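Engineer: Coordinates only, no sequence provided:
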């Protein structure tokens, strides 16, 4: 399959519109229609319904493969260019919102102190985007975080050859309002919280908890952002529980320590972090990068990985 035709197909499917895809890709609408027709002819199957514009069953199957295929192609191009590039002192670091914990921040400060010419631009985004930025050469280094069993690697999308190194692991806590009946516990088990209301957030996807424990974990509120302060305010206002690394609660000890959440009255203006006892999970941060020639990026990777 021609990757250009595949890119056009993915763009039309994402927009559910030939005209919007044409605008994004810089083609005429007629050219987009011709490219989709050429791809359908190549496969011998209709891939898109025209009114409304949506994938057929064959189109949906192709979309499952298209994203990883196109990413691998971009990754191959970036890897070749990266190997020929001259090392520079201006680096881009892509990171998920909770990846820059106190350990990572301290190591980044040490790297900058050791190299006065080093300029680091930090960009936060989702885990899939971090992987894509490294694979496509849009960032030299990446940091991804997530829930994992101790010493187990994170589940990252396949984007071709990529080095992953564990940077840190820390205790997870159940974040809940200070007035919650369980706030005074020394520790909590997920199995005891399957009927509690939970926040659905990218920081703690409930699908992951259901994989570990089973059904349950009803959604109290679906939050599509990644701002930790917002999450803490939502927990304090009793919209639902969540799991966070202990360091995400500033000034809080791991067990049942309260911190103020601005704008909320009385006892609701506090969040407690109670350690998670079972299952045995940690908050893990990993460093990601492609092939790094000797130079500032390789030096920074060495410091960040400890």
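Structural biologist: Nice, thanks for sending it over. A quick note: this is a predicted structure, and the numbers were derived from the prediction, not measured. Numbering: from 1, shown residues only.
Engineer: Could you identify the longest helix within the chain?
Structural biologist: Secondary structure of the chain read by DSSP state H shows that its longest helix is helix 57-84.
Engineer: by contact count, what packs against it?
Structural biologist: Using 3 or more CB pairs under 8 Å, 6 or more residues apart in numbering; DSSP states H and E, the elements in contact with helix 57-84 are helix 3-15, helix 127-135. C-betas here are computed from N, CA, C, even on glycine.
Engineer: Can you give me the buried ones in stretch 26-39?
Structural biologist: Residues 27, 32, 33, 35, 36, 39 are the ones in stretch 26-39 that count as buried (16 or more other CB atoms under 10 Å).
Engineer: among those residues, which are in strands?
Structural biologist: Taking DSSP state E, every one of the buried residues of stretch 26-39 sits outside strands.
Engineer: With respect to residue 18, which of those residues is nearest?
Structural biologist: Within the buried residues of stretch 26-39, proximity to residue 18 (CB to CB) peaks at residue 32, which comes in at 5.1 Å.
Engineer: these two touch, right, that closest one and residue 10?
Structural biologist: No - if you go by CB atoms under 8 Å, residue 32 and residue 10 don't touch, sitting 11.9 Å apart.
Engineer: mind listing what the residue nearest to residue 279 when sequence neighbours are not counted touches?
Structural biologist: Spatial nearest neighbour of residue 279, excluding adjacent residues (CB to CB, 6 or more residues apart in numbering): residue 212 at 5.6 Å. Contact analysis of residue 212 by CB atoms under 8 Å, 6 or more residues apart in numbering lists 190, 279, 281.
Engineer: do residue 195 as well
Structural biologist: Residue 195 is in contact with 216, 218, counting by CB under 8 Å, 6+ apart.
Engineer: Please tell me how far the residue nearest to residue 177 when sequence neighbours are not counted sits from residue 225.
Structural biologist: Counting by CB to CB, 6+ apart, residue 177 lies nearest to residue 238, which is 5.2 Å off, once chain neighbours are set aside. For residue 238, the distance to residue 225 (CB to CB, to the nearest Å) stands at 19 Å.
Engineer: Appreciated, that's everything.
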